[in-house]
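Asks: Predicted model and sequence follow; I will ask about them next.
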Amino acid sequence: MQDFRSVADVVAAEIAAGRIGPGERMPTQREFARRHAIANSTAVRVYQELARRGLTVGQVGRGTFVTDEPGTPAPAPALSEPADSRVDLELNHPVVPEQAGLLAAGLAELVRPDHLESVLRPVGPAGTPAAREAAADVLTRGRWRPDPERILFAGNGRQAISAAVAALTRPGARLGVEELTYPVLKAIAARLGVTLVPLAMDEDGLIPEAVEEAHRVDPLHAVYVQPALHNPLSLTMPARRLDHLADVLLTQGIHAIEDTVWAFLRDDLPPPLAARAAERTVLVDSLSKRLSPGLSLGFAVAPADLAGRVAGALRSGGWTPMRFPLEAMVRWQADGTVDTLVRAKRREIGARQEIAHRHLGDFRTRSDPFSCYRWWELPAPWRADTFVAAAARHGIAVTPAAAFSAGRHRGPHAIRLGLASPTREVLSRALATLAGLARSTPDELAGD
């Protein structure tokens, strides 16, 4: 069976050459399959791949069209499922060898018959007093510890973000975001009918003056920001930038959604935005990156006047947590498992960053020693879409810059590499392959 990516490559080349123009309607998937002598199921995957690359967009009841600005990614389902590839450098699931044994020890008591019945009972977004205290300890950063009474729980981090966006905005609202942002946030905004407003960044992250200017032009309902180990650039805001941003939020009366899901990987961070503009900030985080991707739990630390709205959004969205992970977290925090795994994952990420530097040190990349990501500005003549396609032909899934672009432009010719999911050996081989691709040219590969 013909690989769907190679068919998508052909269509992408036609679009790049202008032979299929912006706004042109694509044939139906059935007709496309007939023209290319492929199965209907393969045609479906081709269309999904073209949309993932930002080359086409589907319109309900009308069909599929080439985007006006090829490279602008579809809003969903961005990075929502593992890539169909032998080596996945898109998603990041930090895992360490000792993880399963440590987690199993904390679960032993929970599965005893005398405890299991209570552990499986329903629970609301406020969780339990013990869970709120444990969550406050998990989220503590330096001298800042959130008020346990302000902590709400979701099924996972994405649901916590969804609830915060739903609570702070409405359909048609304007949500400010960093110009390169978390792709899932784009899908959430599209689902809720919220307009994203890209905001300029520099080496210290989101520029506060950009927030002020956007709010002056047309008021923002809220701002979504990743101050610690930003995805995809791995930037971390220094204390002075956080202070400046907090001043803008307080002066302009703007709410912020502060995503700190990767902050646990650094132990030298200043107190979060939620400590500086507490009445204006909903902090969201997740347990899965710290512990295990298969046992998820989301956190939302909301100011008192917003807690009811966030809790209501969690209920109406069906995003309330299961009781089991709450009870497990209480035990893992109490017995030191959380701290042990956090330290182990910091060491592991440091080792993986060394692998990445060894293979990619001659290229223009950026990251943080404790980040799970590496941002790679590709050498000419490579474009992000052609490099993603070339990597896929070698069985490696990477993410183009367009997936993170909050505006209509396609973003730089760059890709994001996720370093956490494969084994170290597989990661090293994959990065060596990608480095070899980057030292060649698309024309050279086409002649192979």
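Replies: In hand now; what should we look at?

Asks: And the contacts of the one helix or strand residue 106 maps to?
Replies: Secondary-structure assignment from DSSP states H and E places residue 106 in helix 99-107. Residues outside helix 99-107 that contact it (CB atoms under 8 Å, 6 or more residues apart in numbering): 291, 292, 295, 328, 331, 332, 335, 337, 340, 341, 344. Where C-beta positions appear, they are placed from N, C-alpha and C, glycine not excepted.

Asks: switch the cut-off to 6 Å
Replies: Helix 99-107 is contacted by residues 331, 332, 335, 337 when judged by CB atoms under 6 Å, 6 or more residues apart in numbering.

Asks: need the next SSE after that helix, C-terminal direction.
Replies: helix 113-119.

Asks: In terms of secondary structure, what does that next one contact?
Replies: Identification of packing neighbours for helix 113-119 by 3 or more CB pairs under 6 Å, 6 or more residues apart in numbering; DSSP states H and E yields helix 323-334.

Asks: Any regions of the protein where pLDDT drops low?
Replies: 1-2, 17, 59-62, 68-85, 408-410, 444-448 (pLDDT under 70).

Asks: Relative to the centre of it, find the outermost residue for me.
Replies: Distance from the C-alpha centroid of the chain, by CA atoms, centre = their mean, peaks at residue 114 (38.9 Å).

Asks: and it, how far is that from residue 120?
Replies: 13 Å (CB to CB, to the nearest Å).

Asks: okay, now the residue lying closest to residue 171 once chain neighbours are set aside: neighbour count?
Replies: Nearest residue to residue 171, sequence neighbours excluded (CB to CB, 6 or more residues apart in numbering): residue 193, at 3.5 Å. Close neighbours of residue 193, defined as other CB atoms under 10 Å, add up to 11.

Asks: quick revisit: send me the helix holding residue 106 as CSV with only the CA atoms.
Replies: Output in CSV follows, covering the C-alpha atoms of helix 99-107 (Å, rounded to 0.1, in the frame of the first residue of the first chain):
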residue,chain,number,x,y,z
GLN,A,99,9.2,5.1,37.8
ALA,A,100,7.0,2.0,37.8
GLY,A,101,8.4,0.5,41.0
LEU,A,102,8.1,3.8,43.0
LEU,A,103,4.5,4.3,41.8
ALA,A,104,3.5,0.7,42.5
ALA,A,105,4.5,1.0,46.1
GLY,A,106,2.2,3.9,46.7
LEU,A,107,-0.7,2.1,45.1
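
Asks: helix/strand/coil for the spatially closest residue to residue 176 that is not a sequence neighbour?
Replies: With sequence-adjacent residues excluded and distances taken as CB to CB, 6+ apart, residue 176 is closest to residue 223, at 4.0 Å. Under DSSP: H, G, I helix; E, B strand; the rest coil, residue 223 falls in the strand class.

Asks: How many neighbouring residues does residue 223 have?
Replies: 31.

Asks: For it, give me its contacts.
Replies: Residue 223 neighbours (CB under 6 Å, 6+ apart): 176, 211, 254, 256.

Asks: Nearest to residue 131 among these?
Replies: residue 256 (24.8 Å; CB to CB).

Asks: gap between residue 117 and residue 155?
Replies: 21 Å.

Asks: When the two are compared, which one has more neighbours?
Replies: Neighbours were counted for residue 117 and for residue 155 using other CB under 10 Å; residue 155 has more, 18 against 8.

Asks: Isn't the more buried one up against residue 321?
Replies: Yes - with contact defined as CB atoms under 6 Å, residue 155 counts as touching residue 321 (5.4 Å).

Asks: what's the distance between the closest residue to residue 11 other than its chain neighbours and residue 14?
Replies: Computed as CB to CB, 6+ apart, the closest residue to residue 11 that is not its neighbour in sequence is residue 50, at 6.1 Å. To residue 14, residue 50 is 11 Å away according to CB to CB.

Asks: what does residue 263 give?
Replies: Taking CB to CB, one finds residue 263 at 44 Å from residue 14.

Asks: Please identify which of the two sits among more neighbours.
Replies: residue 263 (21 against 14).

Asks: pretty sure that one contacts residue 230?
Replies: No - checked against CB under 6 Å, the pair residue 263 and residue 230 is beyond contact range at 10.5 Å.

Asks: Correct me if wrong: the residue nearest to residue 171 contacts residue 170.
Replies: No - with contact defined as CB under 6 Å, residue 193 does not reach residue 170; the gap is 8.1 Å.

Asks: Tell me what the residue nearest to residue 176 is bridged to.
Replies: residue 176, residue 256 (DSSP bridges).
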